[in-house]
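Enquirer: When you get a sec, could you give me coordinates for this:
(one chain, ligands or ions: 2)
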Amino acid sequence: MKIKTQYQCQSCGHTSAKWLGRCPGCEAWNSFVEERTSPGDGSPAVQEGSLAALREEFSAQPGDWTDLDAPEDPSRALRRLDTGIGELNRVLGGGLVPDSFTLLGGDPGIGKSTLLLQMARGIRLKNADLKILYVSGEESVDQIRSRAIRLGVQGSGHIFLAAETQIEKVFATVKELRPHVLVMDSLQTFTSSYLQSAPGSVTQVREISAKLMALAKSAGISVWLVGHVTKEGSIAGPKVVEHMVDTVLYFEGDSGSTYRLLRAVKNRFGSSRELGVFEMEGDGLQEVSNPSSLFLSDRREALPGTAIGTLLEGTRPLLVELQALVAPSPLSLPRRTSVGMDSNRIALLSAILERHMRVRLAEQDLFFNVAGGLKLSEPACDLAAIAAIWSSVEDHPFPLDWAWIGELGLTGEVRRVSQIDVRVEEARKLGFKTVVIPEGSAERVGKIQGIRVLTLDRVSHLGRLVREKN
Ligand code: TYD
Ligand code: MG
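Expert: Numbering: from 1, shown residues only. Ligands and ions are numbered 1, 2, ... in the order given. Modelled structure (predicted):
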């Protein structure tokens, strides 16, 4: 058998006949690793376009198809398992789909193994007849067991542990045990004995994932695959297999903080914008059911330079504190530093401040921060952000119970945002007494009682509004 050698980028999978210092696909440095492929592991046996391929194509048996209007077979309707963890159910779109393939990515040590062990317990608590197999390629059975005992997972019944790295052996165990849920921890430690590449290489990682996908779909097993996110290119990251799986979840958090955010970035069975919030404690992960309180730092007195905005994570509204500090700069090129908000957006808001609110920022440093480690991805926080910067410049604090909702246009108009009623309702629930919204949205929130609604059409009127209504 002829063995072909090629070089493959470990971060995006780009292949090349010769070694390259920098990947033309994803621009990663030093990410190329030699991979050996032989016919039979993925490369087509017949060249595309050749006569033989065409002949084969037309002589194949037809696949299955179904009429969209035909009545649905009730046994095939999407069923969901309760994982026993509300935040996890939410991120999955309402529970775990039985034959789904889910990738859980995140930095090493963030809590992926902990979450999945706790999920095993939760599934058992809610579903008395299910079996779970937890396969670790990283830890010994004793290590997993002692952690499981610490997390109170032991005693749930029908949870099985295996320490194994070879995928073929795992499959044999699955055949024997017939679990309903299979956890594979982690992707980069498993190897297929049919391949010669090292564990964690793109070829291995793809092969393992393809096999697990086939297992999920053919045996109706819900498969979970853990993938460490890596900065350097020597082992392949979860990105390489994202397109193959049904659902991609990322577990994130600052190493300094105990909060953990579980985010869906792809979900074939639900919204891909859902967010789950946890706190890592001594006895494992605890669900945080009211995350807004967490992202509003401990505020006791009104201070200049902060404003409260809202964002929607999937279906969930969150209130978040934005902080700005504007101070005279000793530098000829003043600093613009932003944590949690895109710095281009901050530059744009600064220009709006200068042009439409006559605020001089030219010789000033501007520092911007989103409390709680959140990242703002939607413009509905524009108004709150500009209010925070204005408040710092003017040294004018807003009352503690004010919130700001609105997007800004370059012409200085305050524009409408999606689902304003949901956002205002969340502010009211959390005890906010005043909310400033775009003028065009006044009608939509008209029915909400118990909160004063102020409207703003142009950002240039912000100062006047604050001084009059404060
Ligand atoms: P782990 O689940 O092993 O992370 P990953 O699988 O993503 O690499 O979590 C490891 C970290 O979590 C470790 O630093 C210790 C901490 N931890 C707790 O704080 N409390 C706990 O109950 C557990 C099990 C772990
Ligand atoms: Mg782990």
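Enquirer: any idea how far the nearest residue to residue 7 once chain neighbours are set aside lies from ligand 1?
Expert: Distances taken as C-beta to C-beta, 6 or more residues apart in numbering place residue 32 nearest to residue 7, at 4.4 Å, with adjacent residues excluded. For glycine as for every other residue, the C-beta is placed from the backbone atoms N, C-alpha and C. Relative to ligand 1, residue 32 is positioned 27 Å away (criterion: C-beta to the nearest ligand atom, to the nearest Å).
Enquirer: list the contacts for residue 32?
Expert: Contact analysis of residue 32 by C-beta atoms under 8 Å, 6 or more residues apart in numbering lists 7, 8, 9, 10, 16, 19, 20, 21, 23, 233.
Enquirer: can you give me the helices for this protein?
Expert: In the chain, the helices defined using DSSP state H lie at 51-59, 86-92, 112-126, 141-150, 167-177, 202-219, 291-295, 343-356, 382-394, 420-429, 462-469.
Enquirer: With residue 106 as the reference, name the closest of these.
Expert: Nearest of the helices of the chain to residue 106, taken as C-beta to C-beta: helix 112-126 at 5.2 Å.
Enquirer: In JSON lines, list the contacts of residue 32 along with neighbour count.
Expert: Converted to JSON lines, the contacts of residue 32 look like this (neighbours: other C-beta atoms under 10 Å):
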{"residue": "7", "neighbour count": "17"}
{"residue": "8", "neighbour count": "24"}
{"residue": "9", "neighbour count": "25"}
{"residue": "10", "neighbour count": "26"}
{"residue": "16", "neighbour count": "14"}
{"residue": "19", "neighbour count": "11"}
{"residue": "20", "neighbour count": "16"}
{"residue": "21", "neighbour count": "8"}
{"residue": "23", "neighbour count": "22"}
{"residue": "233", "neighbour count": "19"}
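Enquirer: With distance to residue 71 added, can I get the residues you listed in TSV?
Expert: Formatted as TSV, those follow (distance: C-beta to C-beta, whole Å):
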residue	distance to residue 71
7	52
8	47
9	48
10	48
16	51
19	57
20	55
21	59
23	50
233	51
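Enquirer: Look up how far residue 401 lies from the residue nearest to residue 361 when sequence neighbours are not counted.
Expert: In this structure, residue 361 finds its nearest non-sequential neighbour in residue 350, 5.3 Å apart by C-beta to C-beta, 6+ apart. Look at residue 350 and residue 401: by C-beta to C-beta, to the nearest Å, they are 27 Å apart.
Enquirer: Which one of those two is surrounded by more residues?
Expert: For the pair residue 350 and residue 401, the greater number of neighbours falls to residue 350 (20 against 17), based on other C-beta atoms under 10 Å.
Enquirer: my read: the more buried one touches residue 364, true?
Expert: No. Contact criterion C-beta atoms under 8 Å: residue 350 and residue 364 do not qualify, at 9.4 Å.
Enquirer: For residue 239, give its distance to residue 206.
Expert: Distance, residue 239 to residue 206, by C-beta to C-beta: 12 Å.
Enquirer: In this structure, where is pLDDT below threshold?
Expert: Scanning the chain for pLDDT under 70 picks out the ranges 1-3, 37-58, 60, 73-78, 232-236, 255, 297-298.
Enquirer: Just the buried residues of the lengthiest strand in it, please?
Expert: Ordering each strand of the chain by length in residues (DSSP state E) puts strand 316-328 first. For strand 316-328, the buried set under the neighbour-count rule, 16 or more other C-beta atoms under 10 Å, comprises 316, 317, 318, 319, 320, 321, 322, 323, 324, 325, 326.
Enquirer: Can you name the residue of the stretch 151-300 of the chain nearest ligand 1?
Expert: Here the stretch 151-300 of the chain gets closest to ligand 1 at one residue, residue 284, 4.1 Å apart by C-beta to the nearest ligand atom.
Enquirer: That residue bridge partners, please.
Expert: Per DSSP bridges, the residues bridged to residue 284 are residue 281.
Enquirer: Tell me how many other residues surround it.
Expert: With other C-beta under 10 Å as criterion, residue 284 counts 19.
Enquirer: so it makes contact with residue 118?
Expert: Yes. Because the distance of 5.6 Å satisfies C-beta under 8 Å, residue 284 is recorded as touching residue 118.
Enquirer: returning to what we had before: out of the helices of the chain, which is closest to ligand 1?
Expert: Of all the helices of the chain, helix 112-126 sits nearest to ligand 1, with 3.3 Å by C-beta to the nearest ligand atom.
Enquirer: buried sites along that closest one?
Expert: For helix 112-126, burial by neighbour count (16+ other C-beta under 10 Å) applies to 112-124.
Enquirer: What parts of this protein come near ligand 1?
Expert: Neighbours of ligand 1 within the chain, by C-beta under 6 Å from any ligand atom: 106, 108-114, 147, 151, 280, 282-284.
Enquirer: Put the buried members of those residues into a ChimeraX selection.
Expert: Entered in ChimeraX, the line below selects the buried ones among the residues of the chain next to ligand 1, by 16+ other C-beta under 10 Å:
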select :106,110,111,112,113,114,147,151,280,284
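Enquirer: Could I get the residues of the chain next to ligand 1 in TSV, plus columns for distance to residue 252?
Expert: Output for the residues of the chain next to ligand 1, formatted as TSV (distance: C-beta to C-beta, whole Å):
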residue	distance to residue 252
106	6
108	13
109	12
110	7
111	10
112	11
113	16
114	14
147	21
151	21
280	12
282	21
283	21
284	18
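Enquirer: center of the protein - which residue?
Expert: Centrality entry for the chain: nearest residue to the mean C-alpha point is residue 263, 2.9 Å, by C-alpha atoms, centre = their mean.
Enquirer: my guess is it meets residue 278, correct?
Expert: No. Residue 263 sits out of contact with residue 278 when judged by C-beta under 8 Å, with a separation of 11.6 Å.
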